[in-house]
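K.L.:
I'll drop the sequence and a predicted model, then ask my questions.
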Amino acid sequence: MGKVVTLGEIMLRFSTDCGIRIAQTEAFTAHYGGGEANVAVSLANYGHQVAFASKVPNNALGEAVKKHLNRYSVDTKYLLKGGPRLGSYYLEAGIGERAASVIYDRAGSSFALMTAVEWDTKELFSDCDIFHISGITPALSEAWKELTIQLIQAAKDASCLISFDVNYRGKLWTKEEAGQTIRTILPYVDYCSAGNLDAQHFLEISKYTGTSEKEESSYYYQEMQKKYPNISVFYSTKRKVHSASANELIGTLWAGEQYYESQCHLIDPIVDRVGGGDAFAGGVLHGLLNKTNYQDVISFATAASALKHTVHGDCNQFSEEEVNSFLAMGSGKIIR
């Protein structure tokens with residue numbers, strides 16, 4: 001099993017019950033989560049040694065974050081304490097034709113206000129196989145655009161492989177800002193989660209003009225690899241949204257100049273879509289760490305993402321054995 005470091009902001013999420021709007025609710029359900037923290041939880045569930053680096057306030061909420069991560073065996077040695085507050089967000093659950101909606105309350109958080117790298121990077125990346133980070137982190141501030149590059153460079157100096165998830169959030173920065181920063185990061189990256197729209201909007205790749213969905217994904221992966229030959233694996237999902245309650249999900253991966261695709265998962269009903277992409281990324285990194293063949297990597301990762309949609313909260317709660325059992329048994333069967 002590998003050693004992985006993930007780094008980013010973790011937040012307190014307040015969710016409404018299905019069918020109740022934020023403006024009318026009298027109660028919220030609380031969960032802790034964030035893209036990189038969710039990936040850390042997935043990898044720890046699969047038996048890897050995983051540390052999550054972030055900064056939280058030195059109060060009961062910061063302690064609750066630590067307990068949440070420790071519950072899933074994520075190492076919190078690099079979870080710094082200090083600063084004014086824990087970032088949060090509010091999720092109005094979607095159903096049917098009404099989409100879910102998010103309101104952020106993360107400005108001025110302990111993590112977002114960092115202006116210097118506060119970790120000993122030699123210690124942080126010692127014996128580390130993969131450093132995972134996402135595009136959410138440099139979107140938080142001008143300082144974090146620079147700090148993200150500094151941390152990636154320090155990880156490369158320590159011979160870590162760099163895993164980067166574009167993870168664009170339109171409520172945090174513009175497409176122009178995101179594209180400029182992402183294009184600065186990608187020359188350092190080894191594994192990248194980026195889909196068709198990411199290629200068009202951020203990597204300046206011309207739009208596919210054909211009619212084949214499979215050839216479309218292959219086209220964008222090939223064009224991205226031409227621009228960034230340092231990246232050995234690209235991966236993403238294709239999602240057909242029938243409603244907020246029913247989606248079809250396919251995982252795709254490009255490696256060794258070959259295209260791989262998972263089976264299609266019909267997820268109906270969706271219990272909680274948040275964190276599905278993080279569960280997918282965690283599944284891909286798990287397979288890459290274990291040097292699994294690429295077809296099995298994408299099949300496992302997509303199944304893990306499909307399972308995440310069936311539970312409340314941000315993070316994947318399934319073990320490697322459970323994901324493999326789901327793959328073998330198929331959908332909806334009773335396990336006796």
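P.N.:
Arrived safely, thanks for sending. Just so it is clear, the structure is predicted and the values come from calculations on it, not from any experiment.
K.L.:
Any buried residues in stretch 17-25, and which?
P.N.:
For stretch 17-25, burial by neighbour count (16 or more other CB atoms under 10 Å) applies to 18, 22. Yep, even glycine has a C-beta here, placed from its N, CA and C like the rest.
K.L.:
ok, now stretch 297-310?
P.N.:
Buried-residue list, stretch 297-310, by 16+ other CB under 10 Å: 297-309.
K.L.:
Next: stretch 134-149.
P.N.:
134-141, 144-145, 147-148.
K.L.:
so how far is it off the chain centroid?
P.N.:
15 Å (CA atoms, centre = their mean, to the nearest Å).
K.L.:
From the buried residues of stretch 134-149, pick the one nearest Gly87.
P.N.:
Set against Gly87, the nearest of the buried residues of stretch 134-149 by CB to CB is Leu140 (8.9 Å).
K.L.:
Going by distance to Gly195, which of the buried residues of stretch 134-149 wins?
P.N.:
Taking the buried residues of stretch 134-149 together and measuring to Gly195 by CB to CB, the closest member is Gly135, at 12.5 Å.
K.L.:
if I pick the most centrally placed residue in the chain, what's in contact with it?
P.N.:
What sits nearest the mean C-alpha location of the chain, by CA atoms, centre = their mean, is Asp278, with 3.2 Å. Taking CB atoms under 8 Å, 6 or more residues apart in numbering, we find Asp278 in contact with 35, 38-39, 42, 165, 308, 314-316.
K.L.:
mind redoing it with 6 Å?
P.N.:
35, 38-39 (CB atoms under 6 Å, 6 or more residues apart in numbering).
K.L.:
Does it belong to a helix, a strand or coil?
P.N.:
When classified by DSSP: H, G, I helix; E, B strand; the rest coil, Asp278 comes out as helix.
K.L.:
For the closest residue to it other than its chain neighbours, give me the pLDDT.
P.N.:
With sequence-adjacent residues excluded and distances taken as CB to CB, 6 or more residues apart in numbering, Asp278 is closest to Asn38, at 3.5 Å. For Asn38, the model assigns a pLDDT of 98.
K.L.:
so what's Ile162 up against?
P.N.:
131, 152, 188-190.
K.L.:
pretty sure it is in a strand, no?
P.N.:
Yes: membership of Ile162 in a strand is supported by three-state DSSP.
K.L.:
in stretch 166-174, what's buried?
P.N.:
Buried, per 16+ other CB under 10 Å, within stretch 166-174: 166-168, 172-173.
K.L.:
With stretch 268-280 instead?
P.N.:
270, 272-280.
K.L.:
Looking at these, which one is closest to Thr184?
P.N.:
Gly277 (22.4 Å).
K.L.:
which residues of the stretch 51-200 of the chain fall in helices?
P.N.:
Along the stretch 51-200 of the chain, the stretches classed as helices by DSSP state H, counting those that start in this stretch are 60-71, 121-124, 142-157, 175-185, 196-202.
K.L.:
among these, which is the most enclosed?
P.N.:
Sort these by mean neighbour count, taking mean count of other CB atoms under 10 Å, and helix 196-202 sits at the top with a mean of 19.
K.L.:
moving C-terminal of that helix, what's the next helix or strand?
P.N.:
helix 213-227 (DSSP states H and E).
K.L.:
for that following helix, packing partners?
P.N.:
Packing partners of helix 213-227 (3 or more CB pairs under 6 Å, 6 or more residues apart in numbering; DSSP states H and E): helix 196-202.
K.L.:
Just give me how far the helix it packs on sits from the chain centre.
P.N.:
That offset, for helix 196-202, works out to 17 Å (CA atoms, centre = their mean).
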